[in-house]
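A.B. asks: Dropping a prediction and its sequence here:
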Amino acid sequence: MINATKWDDRIAIGGVPCNEDLRQLGQIGYKTVVDLREDREIFGAYVAKRATAVEMAYIHVPIRRSAVSTNDLVLFYETVFEKAKAPMYIFSRLGKKPLALLLLFNAVAKATDAERVFVEASYFGLDIANDICIRSLVIDLLEVGDQGVILPLVQKYRPDLLEGRIPKQKNKP
């Protein structure tokens, strides 16, 4: 596939899949397509129709890049780790949203900082550090925000990621 990067054995991520991408995903056994595009970015439900045609489930979890809410995060992680059947392909218009959300999950689990998330994103060939909306989300959550919404989800879905975790200490004024 031209458009995809493998995250792990369960998940591939990337941009909007074309007809050939969906055909290939179906042929190699992918079961679910998770679409993170906002409603206004979807034209004609093409991906949903094509995914269904190749016998893959289609799940739409619209996440606004400019205003990711706590509910969005919970819905995303519940979909990926509980509702969707693996292997799955998770995508947004350019592939940055699924990468950022998965890296955030791992960063909270390992108590790492925003800079580490940006470095790891570059390993996947995406520059999320210069994407103002995604950069703000990462920094707000990891550096100044409340990670309390993600940590219980890590404990529920991926407790193995918490092994050896040393919680970050907040700077006291």
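C.D. replies: Structure's in. What do you need?
A.B. asks: Could you report the distance from the spatially most central residue of the chain to residue 88?
C.D. replies: Per CA atoms, centre = their mean, the C-alpha nearest to the average position across the chain is that of residue 98, at 2.6 Å. Per CB to CB, to the nearest Å, residue 98 is found 10 Å from residue 88. From N, CA and C alone the C-beta is placed, and that goes for glycine too.
A.B. asks: residues shared between the contacts of the two?
C.D. replies: Overlap of the contact sets of residue 98 and residue 88 (by CB atoms under 8 Å, 6 or more residues apart in numbering) consists of residue 34.
A.B. asks: And the next helix or strand past the longest helix along the chain?
C.D. replies: Longest helix of the chain, by residue count under DSSP state H: helix 96-110. Once the chain leaves helix 96-110, the next helix or strand it forms, by DSSP states H and E, is helix 114-123.
A.B. asks: What residues of that following helix count as buried?
C.D. replies: Residues of helix 114-123 classed as buried by neighbour count (16 or more other CB atoms under 10 Å): 114, 117-118, 120-121.
A.B. asks: From the chain's centroid, how far away is that helix?
C.D. replies: 14 Å (CA atoms, centre = their mean, to the nearest Å).
A.B. asks: Tell me which residues touch the residue nearest to the centre of the chain, please.
C.D. replies: Contacts of residue 98 (CB under 8 Å, 6+ apart): 7, 13-14, 34, 36, 90-92.
A.B. asks: thinking again about what came up before, report the inter-axis angle for the longest helix of the chain versus helix 114-123.
C.D. replies: Computed with axes from the mean of the first three to the mean of the last three CA atoms, to 10 degrees, the direction of helix 96-110 lies at 130 degrees from that of helix 114-123.
A.B. asks: Adding secondary structure, write the contacts of residue 98 out as TSV.
C.D. replies: Output for the contacts of residue 98, formatted as TSV (DSSP: H, G, I helix; E, B strand; the rest coil):
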residue	secondary structure
7	coil
13	strand
14	strand
34	strand
36	coil
90	strand
91	strand
92	coil
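A.B. asks: Counting neighbours, what do you get for residue 163?
C.D. replies: For residue 163, the neighbour count with other CB atoms under 10 Å is 8.
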